[in-house]
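# coordinates only, no sequence provided:
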């Protein structure tokens, strides 16, 4: 089910009303869990079985890892099996086709069953698998002591509640399909009875309005223009348009993904939960290092905690640090999709991070940079990031090379329709970043005027969601 | 007593409602409405909603792609096709326009079907449009003007910019060019997927059953001389034969007069040529 669908417009009030019918946490968790499975399987019911299986295995693993009655070696075995299950499921559904295409000679592939190379990618698997790994890792680290919100069950009644909360954590619909990726330690302590009178309405409404605005007004209006960023459509376009389309796609991918994350946060708030921040005005970054502290924060944080640090982080010398950095960015790139273009995208970011580390570019705190240096940094970083987004649209590296050539050589001026669409619908992304950069100035207005200004601006955004939405459709990150 | 957080949320909703009502009033009083969309989807929504909001179905409707979209209803004023509507949908196949006809209780008596994209299979974009027609959004647009595509602030702005640009660059028809009468080489029609043929047959049978007369129309689509003969009947030819339908070749009409149409982008007729094409269609016998 899509957040921007009419079905969801019926689903949400229904679930909201049912959730607050009772003040008992068990009822509320039950309603949200059942609703989440319905949400997930709405268009493709068989996917629910996969989610049930994944959740069941992770719940049993968590229970085993917290149990006081098993030996240390058995705990280690459970950890290895649970991680193997999660990574294996991800590898099978996401990368089997890629591995077959890459490793198996074409002559052998002909004799393999056709479905093997065309395994359908279950929507959201990358996100809920990472949440499953987080649960297993937290349970392993916590052991018999448990962690806030999830203590080892003592007795049959507690076992039921223990599992119910894990099923809820894995399936909670606002973040199920495209994040933010919630770590177990960030969520379980929030589970408890929720009251309607405690809902942070202003906070939820703001997140929802901004999220729907970014998705439905910005991203959905840009996507038809940026659809020509595909081979061979772009070959004949004048270079000025190719630059414009590059910026347009940067704005679109931000608006689409940040929009989804904000809607997820707003929805979670309606039910009394806080999801982690996923974007912090990433195009204000003056370096790639800073960019990764502002873009898809829940993934960066997950990779740092469960991959970079366990690999040794920066604790084992310079060479090992660079190696870890590369590996994390390579795998982070591959996480986005089963194509080598994503791995190249991640590796290129890894290279730039290494270069910045080597030259010390990313080390200076952004606030300490002189304004001109920051402005240049923002401009350069935005262009680097935008050029690398091309790999998301053009999976064939030869097509990317052709695009670069056309960027420099194609004659001709701006086509008015592209110019109109990209400037008009890209502007809100620029203004959104400007809003982030002027927080100090707004504070000087005083709380009363700042609130009035915000109310007016959010009202304008909501009006535009109703009056100026673009072509409806999926979110870009659903494919990951 | 309402909490401050609830008060703020309510203030946002009420201010937004006031903005929507204000915009509705401004567009109604000022007569502002978009004629063009800044994307294919929006342009198509404007045309579809305009058609669905007409008090009664026009007697003649032209369905097709963006080629047909250039033949504006006002070009037919004072002709035999005075009660005319265009459902030329950008980037879409004529079947989408035909599907849209069924979303009104009344039907036109004559439907002109552009032949240009007839062989093209149903695409994801076509499906988005048809889904949109069936969605509550279309029902809402009938009742709440602010949700109509023609009232979108960005499309109104785009229409104003485009109209100004089009006025500046209006072309003129070049006449008396005997060379354009020379036919080009023989054309071999591309093979058509059986599913596409079946879909057309079902649609035409349904229209015939409901008493709608269908006429195929070939519109200029970038040609600068008389098109060559077909090596074998194309899809429109086969269907016209099977269902006993008329076919009007306006490309041949242009070039047989020694005229050459002018295009905005090498494929779409400019305003002057579109107006002339509309007259030719109105004068045609079918």
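Great, that's in hand. Since the model is a prediction, treat every value here as computed from it, not as a measurement.
# taking the stretch 351-480 of chain A, what residue is nearest to chain B?
residue A:459 (3.5 Å; C-beta to the nearest C-beta). The way it works is simple: take the backbone N, C-alpha and C, and place the C-beta from them, glycine included.
# can I assume residue B:216 sits in a strand?
Yes - counting by DSSP: H, G, I helix; E, B strand; the rest coil, residue B:216 is part of a strand.
# so the nearest residue to it once chain neighbours are set aside: helix, strand or coil?
Distances taken as C-beta to C-beta, 6 or more residues apart in numbering or on different chains place residue B:247 nearest to residue B:216, at 4.2 Å, with adjacent residues excluded. Secondary structure, three-state DSSP: residue B:247 is strand.
# name the helices or strands packed onto the host helix or strand of residue A:89?
Assessed by DSSP states H and E, residue A:89 sits inside helix A:72-90. Helices and strands touching helix A:72-90, by 3 or more C-beta pairs under 8 Å, 6 or more residues apart in numbering or on different chains; DSSP states H and E, are helix A:47-66, helix A:125-142.
# would CSV of those helices with distance to residue A:13 and mean pLDDT be doable?
Listed next are the helices and strands packed on helix A:72-90 as CSV, based on distance: least, C-beta to C-beta, whole Å; pLDDT from 0 to 100:
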stretch, distance to residue A:13, mean pLDDT
helix A:47-66, 23, 95
helix A:125-142, 25, 94
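# show the contacting residues for the residue of the stretch 351-480 of chain A closest to chain B.
B:11, B:12, B:13, B:15, B:16, B:18, B:19 (C-beta atoms under 8 Å, 6 or more residues apart in numbering or on different chains).
# quick check: mean pLDDT of whatever helix or strand it lives in?
Using DSSP H and E, residue A:459 falls within helix A:447-467. Averaged over helix A:447-467, pLDDT sits at 93.
# same check on stretch B:201-213?
Average pLDDT, stretch B:201-213: 94.
# chain center to that stretch: distance?
20 Å (C-alpha atoms, centre = their mean, to the nearest Å).
# likewise stretch A:5-22?
With C-alpha atoms, centre = their mean, you get 24 Å for stretch A:5-22.
# and if you look at stretch B:147-160?
18 Å.
# next one: the closest residue to residue A:203 other than its chain neighbours from residue B:16, what distance?
In space, residue A:203 comes closest to residue A:269 once its chain neighbours are excluded; the distance is 5.5 Å by C-beta to C-beta, 6+ apart. Distance, residue A:269 to residue B:16, by C-beta to C-beta, to the nearest Å: 19 Å.
# which parts of chain B sit against chain A?
For chain B, the contact set with chain A under C-beta under 8 Å from any C-beta of the partner chain comprises B:3-6, B:8-9, B:11-13, B:15-16, B:18-20, B:23, B:38-42, B:128, B:132, B:135-137, B:146-147, B:151-154, B:157-158, B:161-162, B:165.
# go again using 7 Å as the cut-off
B:5-6, B:8-9, B:11-12, B:15-16, B:19-20, B:23, B:38-41, B:128, B:135-136, B:146-147, B:151-154, B:158, B:161, B:165 (C-beta under 7 Å from any C-beta of the partner chain).
# the bottom helix or strand of the chain by mean pLDDT?
Just so you know, I chose chain A. helix A:114-117 (a mean of 65; mean pLDDT, DSSP states H and E).
# oops, wrong one, chain B.
Counting by mean pLDDT, DSSP H and E, chain B has helix B:153-168 as its least confident element, at a mean of 87.
# helices and strands around that one, which ones?
Under the contact definition 3 or more C-beta pairs under 7 Å, 6 or more residues apart in numbering or on different chains; DSSP states H and E, helix B:153-168 sits against helix A:416-437.
# buried residues in stretch B:11-26?
Buried residues in stretch B:11-26, counting neighbours by 16 or more other C-beta atoms under 10 Å in any protein chain shown, are found at B:11, B:12, B:13, B:15, B:16, B:19, B:20, B:23, B:24.
# so which of these comes closest to residue A:285?
Looking at those and their distance to residue A:285, the nearest is residue B:12, at 29.9 Å (C-beta to C-beta).
# which element is the closest one on?
Following DSSP H and E, one finds residue B:12 within helix B:4-30.
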